[in-house]
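> let me see the structure of the following:
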Amino acid sequence: MENLMPLLLAAVVGFGHAFEADHLLAVSSIVSKRNNVALAIKDGIFWGLGHTSTIVVIGMVIIIGKATFLNGYFSYFEASVGIMLVVLGITRLYNYWQENESFVLTDGRKGHKLAYNVGLIHGLAGSGAMVLLVMSEIDSSFLSILYLLIFGLGSIIGMLLAAGIFTIPLSKKVHSYKNIRLFFTLASSALCIVYGLKVFIENIAG
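Residues are numbered from 1 along each chain as shown. Next comes the predicted model:
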């Protein structure tokens, strides 16, 4: 029964995990190119799928394979998230001006693929602490993996909600105003770059 208690909260924890700053910044950079809420929500789902994929795979390696040697690499995984945020911010700015200041991503597959890959990297960074937490709370390997899957489901729900909310200010009507579009582009890109540098420096220096 004690092992089952964490499972009951796994989805809630995963939902909250989706709203961490680095996750929101990365997804906001992706969906700021959208003027379609449905496509943005799908981006959020694909981010969650990528995030869950990495956490579950690494979790299985550590929990079942006892690959504790990975523990020493998690700070580098975190640093990779910082690099990714910087790249996302710079790319967002480049695309905006390269496309005559009117870049809108209407290709669903392209955006979903990007969101999935971003989720993979985020999962890589967050997997260490999550797996260690699960192993300290749950003795069973099966229940530990199940926890990670339920946690992943919660993060998918959280991110699809976040992606949808971020896209509301960028609806087709609002997207027609150049100054508003420029503000959201500059704000999301600057935050990605600054926070990404902070994450990278903290983990490399540490």
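> every contact and neighbour count from this point should use C-alpha atoms.
OK.
> buried ones in whichever strand or helix holds K198?
Per DSSP states H and E: K198 is located in helix 178-205. The neighbour-count check on helix 178-205 (16 or more other Cα atoms under 10 Å) flags 181-182, 184-186, 188-193, 195-197, 199-200, 203 as buried.
> give me the most central residue, the chain.
Among the residues of the chain, the one closest to the centroid is H23, at 4.0 Å (Cα atoms, centre = their mean).
> that one reaches H122, doesn't it?
Yes - using Cα atoms under 8 Å, H23 is in contact with H122, at 7.4 Å.
> biggest helix in the protein by residues?
In the chain, with assignment by DSSP state H, the single longest helix is helix 108-137.
> I'd like to know which elements whichever helix or strand comes after it is packed against.
With elements assigned by DSSP H and E, the helix or strand that comes after helix 108-137 is helix 141-167. Under the contact criterion of 3 or more Cα pairs under 8 Å, 6 or more residues apart in numbering; DSSP states H and E, helix 141-167 touches helix 4-17, helix 21-31, helix 37-63, helix 108-137.
> switch to 6 Å and redo it
Contacts defined by 3 or more Cα pairs under 6 Å, 6 or more residues apart in numbering; DSSP states H and E place helix 141-167 against helix 4-17, helix 37-63.
> give me whichever of the ones you listed is most buried.
helix 37-63 (a mean of 24; mean count of other Cα atoms under 10 Å).
> mind giving me the packing neighbours of that helix?
Against helix 37-63 (3+ Cα pairs under 6 Å, 6+ apart) you get helix 108-137, helix 141-167.
> what about the ones you listed, which gets the closest to V31?
helix 141-167 (6.3 Å; Cα to Cα).
> any chance of JSON lines for the helices and strands packed on helix 141-167, columns distance to I150 and mean pLDDT?
Output for these, formatted as JSON lines (distance: least, Cα to Cα, whole Å; pLDDT from 0 to 100):
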{"stretch": "helix 4-17", "distance to I150": "5", "mean pLDDT": "81"}
{"stretch": "helix 37-63", "distance to I150": "9", "mean pLDDT": "86"}
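> for L93, find the nearest of these.
Nearest of these to L93, taken as Cα to Cα: helix 37-63 at 18.8 Å.
> give me the distance from that closest one to the chain's centre.
Here helix 37-63 is found 8 Å from its chain centre; the criterion is Cα atoms, centre = their mean, to the nearest Å.
> which positions in the helix or strand following that helix come out as buried?
Downstream of helix 37-63, the next assigned helix or strand under DSSP H and E is helix 74-98. Residues 74-75, 77-86, 88-90, 92-93, 96 are the ones in helix 74-98 that count as buried (16+ other Cα under 10 Å).
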